[in-house]
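Enquirer: got a predicted structure plus its sequence, pasted below:
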Amino acid sequence: MEARFTLRDAHNHPYPSAAPGRFGGHAKSRIYGRLDCRAALAALARGGPYARHRVFFADEASAVSAGYRPCAVCMPEAYSAWKTRRSG
């Protein structure tokens, strides 16, 4: 199977993959979320530089290990837990 996608690993290094990622992220803001996130889809629809910094992860653990935080819009429970851990 041909590698058609570029994903990020737990060290935030890109690697080729035959399967698409399950989570999308933004390299500048270091936020990850679901692929159907309304905030990310709105940013993509507006155009501009957002798409240039879009990255993808195979799973949530890779995104977290790479230093990304959960999106408050599409992953409110994970975001709340992240925020609690950070302030505690």
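Expert: Received it, and whenever you're ready, just let me know what you need.

Enquirer: now the phi/psi pair for the residue most central in space within the chain, please.
Expert: Closest residue to the average C-alpha location of the chain: Gly25 at 2.3 Å, with Cα atoms, centre = their mean. For Gly25, the backbone dihedrals (degrees, to the nearest 10) come out as phi -140, psi 170.

Enquirer: what comes up buried for the longest helix belonging to the chain?
Expert: Using DSSP state H to define each element, the chain has its longest helix at helix 76-87. Going by neighbour count (16 or more other Cβ atoms under 10 Å), the buried part of helix 76-87 is 78-79, 82. (Glycine included, C-beta is placed from N, CA and C.)

Enquirer: ok so, going back, in the sheet, who's paired with the nearest residue to the residue nearest to the centre of the chain once chain neighbours are set aside?
Expert: Excluding its sequence neighbours, the residue lying closest to Gly25 (Cβ to Cβ, 6 or more residues apart in numbering) is Tyr32, at 3.8 Å. Tyr32 has the following beta-bridge partners by DSSP bridges: Gly25, Pro70.
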